[in-house]
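Participant: A structural model of the following input is requested.
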Amino acid sequence: MTKNLHKGDKVEWKTSQGKTEGKVVKKQTSPTKIKDHEVNASKSDPQYIVESSKTGKRAAHKPEALAKA
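Facilitator: Okay, the predicted model is just below:
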């Protein structure tokens with residue numbers, strides 16, 4: 001099931017420290033890098049760039065890893 005998330009949506013995801021909340025920054029549909037991490041996103045396999053509300057750090061997640069908060 002594809003999730004329809006939009007810029008600014010509040011979401012949560014699991015990390016090694018537990019659940020983290022933040023917001024969607026954008027839908028990524030092409031390869032990119034976040035710091036030294038390669039994000040292999042494409043139009044057929046998009047990922048979402050999210051920003052943690054606690055740390056302000058950004059990360060990329062597949063839609064199934066995110067839940068609306």
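Participant: what about the longest strand in this protein?
Facilitator: Ranked by residue count under DSSP state E, the longest strand found in the chain is strand 18-28.
Participant: and that one, what does it pack onto?
Facilitator: Judged by 3 or more CB pairs under 8 Å, 6 or more residues apart in numbering; DSSP states H and E, strand 18-28 is in contact with strand 10-15, strand 47-52. All C-beta spots, glycine's among them, are computed from the backbone N, C-alpha and C.
Participant: Run the chain-centre distance for the last one.
Facilitator: A distance of 3 Å separates the centroid of the chain from that of strand 47-52, by CA atoms, centre = their mean, to the nearest Å.
Participant: Note down every partner strand of it and its orientation.
Facilitator: Using DSSP bridges, strand 47-52 pairs in its sheet with strand 18-28 (antiparallel), strand 58-61 (antiparallel).
Participant: Comparing the ones you listed, which stretch has the densest surroundings?
Facilitator: Across the strands paired with strand 47-52, averaging neighbours per residue (mean count of other CB atoms under 10 Å) puts strand 58-61 on top, at a mean of 18.
Participant: quick one on the thing from earlier: possible to save the strands paired with strand 47-52 as TSV with distance to K35?
Facilitator: TSV is the format used below for the strands paired with strand 47-52 (distance: least, CB to CB, whole Å):
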stretch	distance to K35
strand 18-28	14
strand 58-61	9
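Participant: if we can go back for a sec, mind listing residues that contact the longest strand of the chain?
Facilitator: Applying CB atoms under 8 Å, 6 or more residues apart in numbering, the contact partners of strand 18-28 are 5-14, 39, 41, 46-54, 58, 60, 66, 69.
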